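Trainee: predicted model, plus sequence, below.
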Amino acid sequence: MQPDFSRPVLAIDTSTSVLSLALFAHGRLFACHEEAGSRQSALVLPQIGRLFGEAGVTAADLSCIVYAQGPGAFTGLRIGLGVAQGLAAPFGLPLVGVPCLDAAACLVRGRGVLAAADARMGEVFYAWFDTENRRRLSPYQVGRAADIVPPEGVSFTHGIGNAFALADPPPFAGSPAMPMAADYLRLAQTGAYAATDAADASLLYVRDKIALTAAEQAARKAAGGA
């Protein structure tokens with residue numbers, strides 16, 4: 001069953017170094033969006049508390065919690081999901097996971113949208129979308145930016161995501177803009193993403209390997225890679 005989005009909803013995005021929160025309550029949007037770096041775990045709960053105070057609600061008043069599902073920064077994603085589960089479990093609140101590339105793609109309208117985000121290790125996370133018709137046109141993938149090509153029959157129209165700010169960006173024109181928690185909240189409100197029990201909520205991992213070994217880093221440097 002989908003949550004009642006007429007009631008208060010909290011959205012949490014910790015998929016990058018930016019801490020982004022959005023609380024929709026009483027017909028208003030209360031938001032936090034700040035560079036947090038490695039301080040996300042220390043800042044996220046106090047900032048959620050501040051938003052609750054501004055809106056005059058508590059976790060018990062929420063209908064659900066929306067969270068950034070990935071792919072993205074491994075540690076940040078785990079922090080966001082852990083906080084969402086911790087807030088939801090005592091009140092039996094459902095969670096709604098929204099993939100990060102979907103949230104990025106929704107920032108632009110087009111039938112050949114490439115959403116691409118920095119995946120570290122010289123790679124990017126990416127997927128193709130038709131945002132005019134709310135369709136994903138490819139699987140979520142990870143690889144070298146230079147190797148990205150449109151799916152068969154798809155013509156590039158827009159590029160979006162922080163991969164376009166990299167020294168070696170995808171071979172397409174694009175904006176480095178990234179979504180905020182409010183964008184995740186708006187996507188969840190469309191009903192396109194399923195709600196789950198807090199205990200069953202999961203992250204979207206496009207790759208299992210999250211770091212290079214020392215030997216792999218040395219080999220990459222010897223080859224002139226980042």
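Mentor: Perfect, thanks for sending it.
Trainee: buried ones in stretch 85-94?
Mentor: Of the residues in stretch 85-94, Gln85, Leu87, Ala88, Leu93, Pro94 count as buried by neighbour count, 16 or more other CB atoms under 10 Å. (Glycine included, C-beta is placed from N, CA and C.)
Trainee: what's the answer for stretch 177-187, then?
Mentor: Going by 16+ other CB under 10 Å, stretch 177-187 has these buried residues: Met178, Pro179, Met180, Ala181, Ala182, Asp183, Tyr184, Leu185, Arg186, Leu187.
Trainee: the fourth one touches Ser20, doesn't it?
Mentor: Yes - with contact defined as CB atoms under 8 Å, Ala181 and Ser20 form a contacting pair (4.1 Å).
Trainee: overlap in contacts, the two.
Mentor: With CB atoms under 8 Å, 6 or more residues apart in numbering applied, the overlap between the contact sets of Ala181 and Ser20 consists of Ile12, Asp13, Ala31, Cys32, His33.
Trainee: got a winner among those residues for most neighbours?
Mentor: The residue in the shared contacts of Ala181 and Ser20 with the most neighbours, by other CB atoms under 10 Å, is Asp13 (29 neighbours).
Trainee: okay, that residue: pLDDT?
Mentor: Confidence at Asp13, expressed as pLDDT, is 98.
Trainee: what's the distance between it and Gly153?
Mentor: For Asp13, the distance to Gly153 (CB to CB, to the nearest Å) stands at 32 Å.
Trainee: contact partners for the residue most central in space within the chain?
Mentor: Most central residue of the chain, judged by C-alpha distance to the mean C-alpha position with CA atoms, centre = their mean, is Cys100 at 2.8 Å. With contact taken as CB under 8 Å, 6+ apart, Cys100 is in contact with Asp13, Ser15, Ala68, Gln69, Gly70, Pro71, Gly72, Ala117, Phe125, Pro179, Leu204.
Trainee: kindly report the same for Gly143.
Mentor: Under the criterion of CB under 8 Å, 6+ apart, the contact partners of Gly143 comprise Glu123, Val124, Tyr126.
Trainee: who's it bridged to?
Mentor: Val124 (DSSP bridges).
Trainee: and the helices in the chain?
Mentor: Secondary structure of the chain (DSSP state H): helices at 40-55, 74-88, 100-105, 181-189, 214-222.
Trainee: neighbours of Val206, how many?
Mentor: Once other CB under 10 Å is used to define contacts, Val206 is seen to have 19 neighbours.
Trainee: typed the wrong thing, it's Asp61
Mentor: Counted with other CB under 10 Å, the burial measure for Asp61 works out to 15 neighbours.
Trainee: state the number of residues packed around the nearest residue to it once chain neighbours are set aside.
Mentor: Nearest non-adjacent residue to Asp61, counting by CB to CB, 6 or more residues apart in numbering: Pro8, 5.1 Å away. Neighbourhood size, Pro8 [other CB under 10 Å]: 22.
Trainee: I'd say Pro8 and Phe24 touch.
Mentor: Yes - taking contact to mean CB under 8 Å, the distance of 6.5 Å between Pro8 and Phe24 places them in contact.
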